[in-house]
Structure formats: C-alpha cells, structure tokens
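Enquirer: 3D model of this:
(4 chains)
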There are 2 protein chains.
Amino acid sequence: MSSGRVSPHREPGRGGTAERAESRRRTPLNRDRVLRAAVSLADAAGIEALSMRNLAQELGVVPMALYKHVANKEELLDGMIDVVVGEIELTVHGAGWKDGIRQRILLARQALLRHRWASHVIESRTNASPVILDYMNSLIGMFRAGGFSVDLTHHVMHALGSRMWGFTQEVFPTPPPPTDPDVLAAMFSQLAAQYPYIIEIASARSHDEESAVGQGCDDQFEFEFSLDVLLDRFEQLHQQGWSSTTHP
Amino acid sequence: MSSGRVSPHREPGRGGTAERAESRRRTPLNRDRVLRAAVSLADAAGIEALSMRNLAQELGVVPMALYKHVANKEELLDGMIDVVVGEIELTVHGAGWKDGIRQRILLARQALLRHRWASHVIESRTNASPVILDYMNSLIGMFRAGGFSVDLTHHVMHALGSRMWGFTQEVFPTPPPPTDPDVLAAMFSQLAAQYPYIIEIASARSHDEESAVGQGCDDQFEFEFSLDVLLDRFEQLHQQGWSSTTHP
DNA sequence: TGGTGAAGGCGTACGGCGTACACCTGGACT
DNA sequence: AGTCCAGGTGTACGCCGTACGCCTTCACCA
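Expert: The predicted model follows:
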C-alpha cells in the first residue's frame, strides 16, 4: 500500500501541479502528528507492532526522523498515554462526590477502551506527565470537595489504584474455549476434578448463555461492581470519620 | 570472570582427577535448574537484564542450549512465575474466611516482594499454569467455605483482581525527590499552584518524616488498607445476601 | 562388545529492534 | 548573498529471540 511514495528531495517539485501531491507529506512532521500516528498504529495493529521503524514507515519517513520529535521510545509511549488521557471528558456529571467520581471514572474507562493497548502501557509508565497529574489532581479534588479529609483521600486514591483509569487488570485467565465439543468435555471433567471451585464459578455465570465453561464475563459489569465495592466502602469510612491515626 | 571455562568436549577428560572439576557443569541442565537460575538472575539484576543470552552465560552454556528445556522465552517467564507462586505458603491461619483470606494474601505478598519483578511479569501472562490455578482454586474455596454464594464469589474474585497476588499496581507516581533543596522548593511552589490537591496529599503523609514532598508512602499500610476496604465490603454484601440477579 | 538412538550442548545465521552519529538540504532571516 | 538551523537521511552498532543442523555422550541391548 501507498506504493507511489517517492523521496521528495529527488524531484525539484517546483511545478505547481505536482507540488500538491507532495504537499501533504512535506508538511513538516511535528510531535503531535507523530503521537497521533503512533496511537492510530497501535489501535490498528496492536501495541506490539509499534516499532520506531513501523511508525516511521507509516509516516513516510526514515526511522531516525522521529527522533527529532521524541527523545526515544519511552517518551513516545508517554506521549501516547497523554493523547489517550487527554481524551477523557472532564465535565462533572451527577450530584455528590460519589456519583461524580463514578461517572468520571466510567468516562475514563470509555477512553481507555477505545485504545485497548493503553491500559498495559499506562501501567508500565514510571513518570507522570502534566496530563496525568491534571487528571489525578482533579479526581482528588472531587473527594476533597465531597468532604473527605486529606488523610482519607490519600489512602482512598491508593485503594483505587489503576481502577481510577477505568480498567482492571484482568488477572483472571480466560483461556480459549476449545471448539471441539469432545475435547471440551474431556478437559472439563479433568479440570472439574482438579479445580472444582474454578469450574463452579466459570459454569455459574451462564445467565444468558448455556455454554458451560469459559466464554468470558461481562467486563463492564465486573468493573462497575468492583468500583462500587470501593466507593461504597469509601463512603462508609468517610461517614464514620475514619482516620489513619485513630485506626492504625 | 570464569575464564577457566573450556569446552569439555575438546578434552577427553577421562582422567579421574580432572573429571571432578568438570562434574558440576556437566550435571545435565534441566528445566528446574533453568527456571531457578532465571529467577535468581532476575532477582539480582532486574527483569530487564534477563535475556536468553545472559541466562545461558550464567549457566555456563550456549544460549540455544536453553531451548532444550523451555520452548521459548514466554514459557520461561511462565515457569518463573510458577516458581514464585509455588513459594506462597498455603497453610491457613486465622479463624473465619476473612482472616484466613487476609493472611493468605499477605503471605502471597511476601512471596511477591521477595521477587520484585514478579508482579510485572504476572500481569503480562496470558496463560494460567496449574500452579496459578491451584492458588486461585484454593482462594475461591476459602470464600465458598465462608458461605459465599457462587455468584458473589465470582464477582468478588474479579474485584480482588491483582490484589489476590498481594500487590497493587502502583499507578501513583513517586518521582525522584530532587536533592537540591533550592530546586525542590522552586518545583514545590510551582506544583502547588498547578496541582494543589496532589501536593496537599503528598505533604500530608509526613507522619514521622518532616521532608515535605515525595518520599514515598508506606506500601504495606496502603496495601492492607485497600485489602480491608475490599474484604469489609465483601463481608457486608455477603451478610445482606447480595446477588447479581437481585441487584442488577 | 560393538552398534544405535536419543538427549543435550554447540555454532552459525537471520531478521528485528532501539538508537548514536555524521551528513545533507531547503527555507527563513539577516 | 550569506548564514543558520530545523528537520529529514543513511549507515552502522550492539542487542534481542530463535530456526536449523551438527556433534558428543551415554544408556541400552543384541
């Protein structure tokens, strides 16, 4: 694809007509275009396909050209996270801190879900950019506005952890459900003997589905359940005036 | 280092005396030794220093030799996690599900803390080994034994998430505290203007310490706080007979 | 006792990665 | 007209995981 790409420097390209064709890619690359292209590439081909070389090719440019706009790949990833986090809508809905925070986090979740690689990348980041700090600061502010003490807010933010970005690390393995029904049945009975409780749970959540094992859960439900567990308990602690000094 | 290493194949080595010197490394490598060495290497030098080449060198062997014992690096990482998870003490302490689970998870945390790379690796795994399934199965069993319904147990395990391994993804950036006091003060006032709430929190938790900003939190306290938030709320939901069908 | 087969270590090689470094070029500003 | 420099180029280096074929060793059995 995009086979008609030629190095623009070789052609004088002064002719008014030909210039138009080149104009798009001679627009000097800038940091923003690089980040956006990186996000698109990761969206389309997965984060593991995002190499400096692939990204450069996508932009019709030689790999080293990127280094004029980002210091290195780490900084590229930081910038990509900024783009995603920047998409989080910061308007406040709902009444009261609890509803407001709930809605805010669910909006964050939507942004993160549009870029499935983002949760993995965000967890690998070690430096917080202003965009990240803005988000955190405003979230903290919502607790404070709800009357939470500085102390409680601090611990509560820790307890939220990565859930403040709207995702839960899926440490529950959802292995590929084998299609062959015989194989599935055999595997099922063997697993049932060895891991009865896991099978019990996996089988139970067949509300609508009759397909016994696997099949995956309703991620959105699980997320909201977990979020509410946290928020509801936060509320209780707040109401009973919890403090780390009185409850060590 | 280890300069005296020579290919054993070149020397007949039949002489009884010289054989002893070689005996240690001619002990045929096996999967277990490979995994253990990998864990040690990651412990000592960090997970990013763990390459097949480095690991091979550590074992006095050529890189490709490892592939006779592990299929590829992914499987190596899986195996390393098995080693770590296998270190989790599965004896049950405390009375009642809540205490039992709390203790169990804190023991898991200890194992994970002995291998700081493990939390990052465990999150990147996509396949659950029998060792992992064993741990999960037994944890689920503790909820069930405590009278939790299959339904509630399922959601509760999701809510635990990676905390069931005893770690919390530290999405809170603890940037390096600049040593120069002047720089620190300047940075402080600038941050205070832009992220007042963050600064408020960061400054507050100076119980024992007087050093204003940064400095990191008491991880263990934060972990236990978060764990208790979850377990306490789980208990309430259990007592009030929560069910996903009645509380959609 | 000699032959054989498998287990396990070896060597070479390939394609991909991030990126250091020197170079070139076109356009803006003096 | 001359200078500067932002920004794109080309080459090269040292890592990485790992495919493939070879060679040694040794247990086993005829």
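Enquirer: use CA for all of it now, contacts and neighbours both
Expert: Will do.
Enquirer: are stretch A:69-77 and chain B in contact anywhere?
Expert: No. Figure legend: stretch A:69-77 not in contact with chain B (CA under 8 Å from any CA of the partner chain); closest approach 14.4 Å.
Enquirer: of all the residues in stretch A:186-202, which ones are buried?
Expert: A:Phe188, A:Leu191, A:Tyr195, A:Pro196, A:Tyr197, A:Ile198, A:Ile199, A:Glu200, A:Ile201, A:Ala202 (16 or more other CA atoms under 10 Å in any protein chain shown).
Enquirer: and that stretch, is it in reach of chain B?
Expert: Yes. Stretch A:186-202 is in contact with chain B by CA under 8 Å from any CA, via A:Tyr195, A:Pro196, A:Tyr197, A:Ile198, A:Glu200, A:Ile201.
Enquirer: for these, which one is nearest B:Arg163?
Expert: Taking CA to CA as the measure, B:Arg163 sits nearest to A:Ile198 out of those, at 17.7 Å.
Enquirer: shouldn't the closest one be in contact with B:Ile140?
Expert: Yes. Using CA atoms under 8 Å, A:Ile198 is in contact with B:Ile140, at 7.2 Å.
Enquirer: what residues does chain A put near DNA strand D?
Expert: Taking CA under 7 Å from any atom of the strand as the contact definition, chain A meets DNA strand D at A:7, A:26-30, A:60-66, A:68.
Enquirer: apply 6 Å and report the result again.
Expert: A:Ser7, A:Pro28, A:Leu29, A:Val61, A:Val62, A:Met64, A:Ala65, A:Lys68 (CA under 6 Å from any atom of the strand).
Enquirer: what is the mean pLDDT for the helix ranked longest in chain A?
Expert: Longest helix of chain A, by residue count under DSSP state H: helix A:219-239. What helix A:219-239 shows for mean pLDDT is 97.
Enquirer: so which of the residues of stretch A:186-202 next to chain B comes closest to B:Ser119?
Expert: When the residues of stretch A:186-202 next to chain B are compared for distance to B:Ser119 (CA to CA), A:Ile198 wins out at 22.2 Å.
Enquirer: check contacts around the closest one.
Expert: Counting by CA atoms under 8 Å, 6 or more residues apart in numbering or on different chains, A:Ile198 makes contact with A:Ala192, B:Leu133, B:Met136, B:Asn137, B:Ile140.
Enquirer: dump stretch A:228-244 to CSV, restricted to CA.
Expert: C-alpha atoms of stretch A:228-244 as CSV (Å, rounded to 0.1, in the frame of the first residue of the first chain):
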residue,chain,number,x,y,z
ASP,A,228,-19.0,0.3,43.7
VAL,A,229,-17.4,-2.0,46.3
LEU,A,230,-14.7,0.5,46.7
LEU,A,231,-16.9,3.7,46.5
ASP,A,232,-19.5,2.3,48.9
ARG,A,233,-16.9,1.4,51.5
PHE,A,234,-15.2,4.8,51.0
GLU,A,235,-18.5,6.4,51.8
GLN,A,236,-18.8,4.4,55.0
LEU,A,237,-15.3,5.2,56.1
HIS,A,238,-15.9,8.9,55.4
GLN,A,239,-19.2,8.9,57.3
GLN,A,240,-17.7,7.3,60.3
GLY,A,241,-14.8,9.8,60.3
TRP,A,242,-12.1,7.2,59.6
SER,A,243,-8.6,8.4,60.1
SER,A,244,-5.3,6.6,59.8
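Enquirer: residues contacting that stretch, please?
Expert: In contact with stretch A:228-244 (CA under 8 Å, 6+ apart) are residues A:98, A:148, A:151-152, A:156, A:159-160, B:159, B:229-230, B:232-234.
Enquirer: how does it look with 6 Å?
Expert: For stretch A:228-244, there are no external contacting residues (CA atoms under 6 Å, 6 or more residues apart in numbering or on different chains).
Enquirer: run a quick neighbour tally on A:His155.
Expert: 22 (other CA atoms under 10 Å in any protein chain shown).
Enquirer: which helix or strand contains it?
Expert: helix A:150-160 (DSSP states H and E).
Enquirer: next helix or strand past that helix?
Expert: Assigned by DSSP H and E, the successor of helix A:150-160 is helix A:181-194.
Enquirer: in the contacts of A:Ile198, which residue is surrounded by the most others?
Expert: Highest count within those by other CA under 10 Å belongs to B:Ile140, 25 neighbours.
Enquirer: the nearest residue to that one once chain neighbours are set aside is in what secondary structure piece?
Expert: Nearest non-adjacent residue to B:Ile140, counting by CA to CA, 6 or more residues apart in numbering or on different chains: A:Tyr197, 6.2 Å away. Element membership for A:Tyr197 (DSSP H and E) is helix A:196-204.
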